[in-house]
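A.B. asks: Build me a structure from this.
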Amino acid sequence: MKIRKFGGTESRIYELVRPIAEENGLIVWDVRFEKEGAMWYLRVLLDHMERPVNISDCEAVTRPLNKLLDELDPIPQTYTLEVGSAGLERELIRETHFDACEGSRVRIRTIRPTETGARDITGTLVSCDKENLTVSTESGDLTLPLAGIAFVRLADLDEDEIRRAAD
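C.D. replies: Now for the predicted structure:
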């Protein structure tokens, strides 16, 4: 796993959508510009500090963002805009995600089994840097190289953890 950074298109879109989201009491969790087959998708993932994101939240961001994207035309190729919730078990892929989620329960899938033979690990995120992730498990702290991790997702969240992850 490699911690991702925003690309140029994602950075431009983030700067456009952030004020719209904030105006609606939302947080932009992620912006992804991805090619799937022959199609390009611009995905904006939202979060709310106090409750789950709903369809009205997505509409409140989609309409003004779509209008702004039509006016400014910052993306030269054809794409499909998707605005949705980051989800309760969202994947952590950016440095800001790991920082925001320290102290939260996470589910980790490793590429190869660990020394204990496990590939799925659940615990509390202690820290993450450019090379390693440390998680506190029932059997103690475990430090894993990021290169050996397939994914990290939030797991078993309660309301306090959801709010903390959104901050």
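A.B. asks: Least confident secondary structure element in this protein?
C.D. replies: The weakest-scoring helix or strand in the chain, judged by mean pLDDT, DSSP states H and E, is helix 159-166 (a mean of 49).
A.B. asks: Residue 103 falls within a strand, correct?
C.D. replies: No - assessed with DSSP: H, G, I helix; E, B strand; the rest coil, residue 103 is coil; it does not lie in a strand.
A.B. asks: contacting residues around the nearest residue to residue 95 once chain neighbours are set aside?
C.D. replies: Distances taken as C-beta to C-beta, 6 or more residues apart in numbering place residue 3 nearest to residue 95, at 5.5 Å, with adjacent residues excluded. Placement of C-beta: from N, CA and C, glycine included. Residues in contact with residue 3 (C-beta atoms under 8 Å, 6 or more residues apart in numbering) are 93, 94, 95, 98, 128, 130, 146.
A.B. asks: do the same with residue 53
C.D. replies: Applying C-beta under 8 Å, 6+ apart, the residues near residue 53 are 26, 46, 47, 84, 85, 86.
A.B. asks: The fourth one: which element?
C.D. replies: Of the helices and strands defined by DSSP states H and E, residue 84 is found in strand 80-85.
A.B. asks: want to throw the contacts of residue 53 into JSON lines with distance to residue 134 and pLDDT?
C.D. replies: As requested, the contacts of residue 53 are arranged in JSON lines below (distance: C-beta to C-beta, whole Å; pLDDT from 0 to 100):
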{"residue": "26", "distance to residue 134": "30", "pLDDT": "96"}
{"residue": "46", "distance to residue 134": "29", "pLDDT": "96"}
{"residue": "47", "distance to residue 134": "24", "pLDDT": "92"}
{"residue": "84", "distance to residue 134": "31", "pLDDT": "97"}
{"residue": "85", "distance to residue 134": "28", "pLDDT": "95"}
{"residue": "86", "distance to residue 134": "23", "pLDDT": "92"}
